[in-house]
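Undergrad: here is my input, please return the structure:
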Amino acid sequence: MRKIFPSTLSTRIAGGAVVLALVAAGAVPTLGIAQDLAGPLAAPAGAAGPWACEVPPFAAGPGPAIDPAAARLIAGMLLSAQETALGIRTDQMDAWRGYTTALIALLPSGERLGRWTDEKKRAEAQAFDLAQDIAGAAIERAEKARALQDAVSKLKTVLTPEQMSMAKQMQEKLVERIVRFVQWRRGEGSGVPL
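TA: Numbering: from 1, shown residues only. As a prediction, the model looks like this:
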């Protein structure tokens, strides 16, 4: 039971950071782990087969994307918890805020996708607009990634050795959980993925 429900704050923060890392990487929407509620689960009880308590099989296709506003809220909560766990002091706050702002800015906003999911806007698109939007998004993302690198460099200069050690431990837990999740998705792992 202890493996499934970790009890230390740094382990919980690392677990939450897995979600943040997957959202930042855009992996969650492409993994097909989300499911539309209007899909098979909303089917009548008879569709479940001879046993009314059986759930229809999970749809393997891609599900709906995660709400960008919710992803930013979750990231903010996790970063706030990490700030507390690391013991960020007032003299470190500017560097910390620069880091958190740059990290949250790197998360997908969904604005560019809106143009292509809205039928009217999609009909108004000109030739090669999709290619230009993809290139624009990549350039914007690269600029945001560079800003995050700069923020991390500044943060490292103001943290104490103890805080750096704690951050390293959190990172190790995060990497372990990501590896377990990837192995689980490939069918190589067993049990609870996170």
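Undergrad: okay, and for the protein, where does confidence drop off?
TA: By pLDDT under 70, the weakly predicted segments of the chain are 1-66, 189-194.
Undergrad: show me the helices in it, by range?
TA: Assigned by DSSP state H, the chain shows helices spanning 9-25, 27-31, 68-86, 93-106, 111-117, 119-124, 129-158, 161-186.
Undergrad: out of those helices, which one sits most buried?
TA: The highest average neighbour count among those, using mean count of other C-beta atoms under 10 Å, belongs to helix 9-25 at a mean of 19. Where you see a C-beta, it was placed from the backbone N, CA and C, and this is true even at glycine.
Undergrad: if I look at residue 87, how far off is residue 166?
TA: Using C-beta to C-beta, to the nearest Å, residue 87 is found at 8 Å from residue 166.
Undergrad: then residue 154?
TA: According to C-beta to C-beta, residue 154 and residue 166 sit 18 Å apart.
Undergrad: what's residue 101 in contact with, if anything?
TA: residue 151 (C-beta atoms under 8 Å, 6 or more residues apart in numbering).
Undergrad: let's go with 10 Å and repeat that
TA: 79, 147, 148, 151 (C-beta atoms under 10 Å, 6 or more residues apart in numbering).
Undergrad: repeat that for residue 140.
TA: 105, 109, 112.
Undergrad: residue 100 contacts residue 82, correct?
TA: Yes: between residue 100 and residue 82 there is a contact under C-beta atoms under 10 Å: 8.8 Å.
Undergrad: which neighbours do these two share?
TA: With C-beta under 10 Å, 6+ apart, residue 100 and residue 82 have common neighbours residue 88.
Undergrad: between residue 87 and residue 166, what contacts are shared?
TA: Common neighbours of residue 87 and residue 166 are listed as 159, 160 (criterion: C-beta under 10 Å, 6+ apart).
Undergrad: do you know how far residue 179 is from residue 186?
TA: From residue 179 to residue 186 the distance is 11 Å (C-beta to C-beta).
Undergrad: same thing with residue 169?
TA: 26 Å.
Undergrad: now residue 172
TA: 21 Å.
Undergrad: residue 149 too?
TA: From residue 149 to residue 186 the distance is 30 Å (C-beta to C-beta).
Undergrad: again with residue 85
TA: Counting by C-beta to C-beta, the gap from residue 85 to residue 186 is 31 Å.
Undergrad: residue 111 too?
TA: With C-beta to C-beta as the criterion, residue 111 and residue 186 are 32 Å apart.
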